[in-house]
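Here you go, sequence then predicted model.
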Amino acid sequence: MFVTDRMSGFAESTSTDVRISGGFRIEISPQELIVTKTGSSAVSTLVLLAVLALGALLSDSSLVYSAIVVSAVLIGWYLSGVDHNLRCTRERLEVLDVFQIRAPKTRTYPCSDVKQIAFSAVSFSKYGSINGLAFEACGKRVKMLYGLKSVEAKIILDELERLGFDVFHDVAMPMMIEMEQSRRKSWIGRWFS
């Protein structure tokens, strides 16, 4: 797509490269980067439909009440999650916390305040670390994009650096990318990616 600047009469390219990979949608344009997590709304809709179908299939009222209570607890647990989306320009970086139940919350940081954006562990589970991006801003450690894989992290970090942000380059990143790509090519990786 081309947009004509009325002052100069020259056409300026405003093309946007959209990549959907590893559960994230990455939109790259000359002046902006937008990263959003994909799939969570579809999963919550499927969970809700499964609960309704289960309730309709059960004929015994005690089983129906038990199924409704268990399903409500599971849906409540699932919907309490938060997605951390990213939008940045050359001037600022915005982390948009999208809650499944509440209104979204935006945290904005000027480019000069953001230090050492890196791909790292942002949380831990009983199965190991959960990776994402983390950086320092205003004396606080900010974590975002939980569940990010190395392949997508490299794309995002390169674009953040292009936009002028301070990015930390991990020397192990090429090895992590190779391992992730190998995992995705395996038959098990195709089911869980």
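Sure thing, it's come through.

What is whichever helix or strand residue 154 is part of packed up against?
Assigned by DSSP states H and E, residue 154 falls within helix 150-162. Applying 3 or more C-beta pairs under 8 Å, 6 or more residues apart in numbering; DSSP states H and E, we find helix 150-162 packed against strand 17-21, strand 24-29, strand 32-37, strand 115-125, strand 128-137, helix 173-185. In this view, the C-beta of every residue, glycine as well, is placed from N, C-alpha and C.

Poorly predicted segments of this protein, please.
Applying pLDDT under 70 to the chain flags residues 1-14, 39-82, 99-103, 187-193.

and if we set it to 50?
Applying pLDDT under 50 to the chain picks out residues 1-12, 41-42.

Of all the helices and strands packed on helix 150-162, which one is nearest residue 88?
strand 32-37 (5.2 Å; C-beta to C-beta).

Direction included, what does that closest one pair up with?
Sheet partners assigned to strand 32-37 using DSSP bridges are listed as strand 24-29 (antiparallel), strand 82-89 (antiparallel).

Let me have those strands in JSON lines, extended by distance to residue 35 and mean neighbour count.
Listed next are the strands paired with strand 32-37 as JSON lines, based on distance: least, C-beta to C-beta, whole Å; neighbours: other C-beta atoms under 10 Å:
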{"stretch": "strand 24-29", "distance to residue 35": "5", "mean neighbour count": "18"}
{"stretch": "strand 82-89", "distance to residue 35": "4", "mean neighbour count": "19"}
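
how about the ones you listed, which one is nearest residue 152?
Short answer: strand 24-29, nearest of the strands paired with strand 32-37 by C-beta to C-beta, at 5.2 Å.

could I get that closest one in PDB with only the CA atoms?
C-alpha atoms of strand 24-29 as PDB (Å, rounded to 0.1, in the frame of the first residue of the first chain):
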ATOM      1  CA  PHE A  24       2.300 -14.700  18.300                       C
ATOM      2  CA  ARG A  25       1.200 -12.200  15.600                       C
ATOM      3  CA  ILE A  26       4.100  -9.900  14.700                       C
ATOM      4  CA  GLU A  27       3.300  -6.800  12.600                       C
ATOM      5  CA  ILE A  28       6.300  -4.900  11.300                       C
ATOM      6  CA  SER A  29       6.100  -1.500   9.600                       C
END
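
Next, the angle from that strand to helix 150-162.
Interaxial angle, strand 24-29 versus helix 150-162 (axes from the mean of the first three to the mean of the last three C-alpha atoms, to 10 degrees): 30 degrees.

ok, back up a step: contact partners of the helix holding residue 154?
Residues from elsewhere that reach helix 150-162, judged by C-beta atoms under 8 Å, 6 or more residues apart in numbering: 19, 21-22, 24, 26, 28, 33, 35, 86, 88, 93, 117-119, 131, 133, 145, 148, 167, 169, 173, 176-177, 179-181, 184.
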